[in-house]
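K.L.:
dropping a prediction and its sequence here:
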Amino acid sequence: MPVLDLFFTILWITLLFMWFWLVISIFADIFRSEMKGIAKAAWAIFVIIVPLLGVLIYLIVHGDDMRQRDIDRAAAIQKAQTDYIRSVAGDSGGGAADELTKLAALKEQGVLSDEEFQAQKAKLLA
């Protein structure tokens, strides 16, 4: 097999992979969007019947919305992961320094005695 044939084979396989990735991304976006059912069906049929034209027109019409939905989804996933990590770690987000500040304020207000303050402080620093 000549080197040029190998090059074109690799090129076509890469382009085919990119095409499938694009079509799958568009179908995922069609069904993730806030369009009505008829509009979703029309876009799906259009992409299936006239693939190249359907994909290009969908990207022109809904490209910015598609990007924004991806950004919103990534932000939601990141927030969920952060919240999960905080819940597992038992951290409310402030840390020990914030807790010590709150304890000092409670002591100054007279809510905590010196012994209670020292006990809570030792518990936090341990």
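P.N.:
Cool, got the structure. Fair warning: this is a prediction, and the values are worked out from it, not measured in the lab.
K.L.:
host element of Phe8?
P.N.:
Under the criterion of DSSP states H and E, Phe8 resides in helix 3-32.
K.L.:
can you give me the buried ones in that helix?
P.N.:
Buried residues in helix 3-32, counted by 16 or more other C-beta atoms under 10 Å: Val23, Ile26, Phe27, Asp29, Ile30. For the C-beta atoms, the positions are set from N, CA and C on the backbone; glycine is no exception.
K.L.:
gap between it and the chain center?
P.N.:
Chain-centre distance of helix 3-32: 24 Å, with C-alpha atoms, centre = their mean, to the nearest Å.
K.L.:
what packs against it?
P.N.:
Counting contacts by 3 or more C-beta pairs under 8 Å, 6 or more residues apart in numbering; DSSP states H and E, helix 3-32 packs against helix 37-49, helix 51-89.
K.L.:
count of residues packed around Trp43?
P.N.:
Around Trp43 there are 22 other residues, counting by other C-beta atoms under 10 Å.
K.L.:
flag the shaky bits of this protein, pLDDT-wise.
P.N.:
Within the chain, the stretches with pLDDT under 70 are 89-94.
K.L.:
how would you label Leu112: helix, strand or coil?
P.N.:
Classification of Leu112 using DSSP: H, G, I helix; E, B strand; the rest coil returns coil.
K.L.:
does it touch Ala104 like I think?
P.N.:
No: the criterion here is C-beta atoms under 8 Å, and Leu112 misses it with Ala104 at 9.1 Å.
K.L.:
higher neighbour count, these two?
P.N.:
Leu112 (18 against 13).
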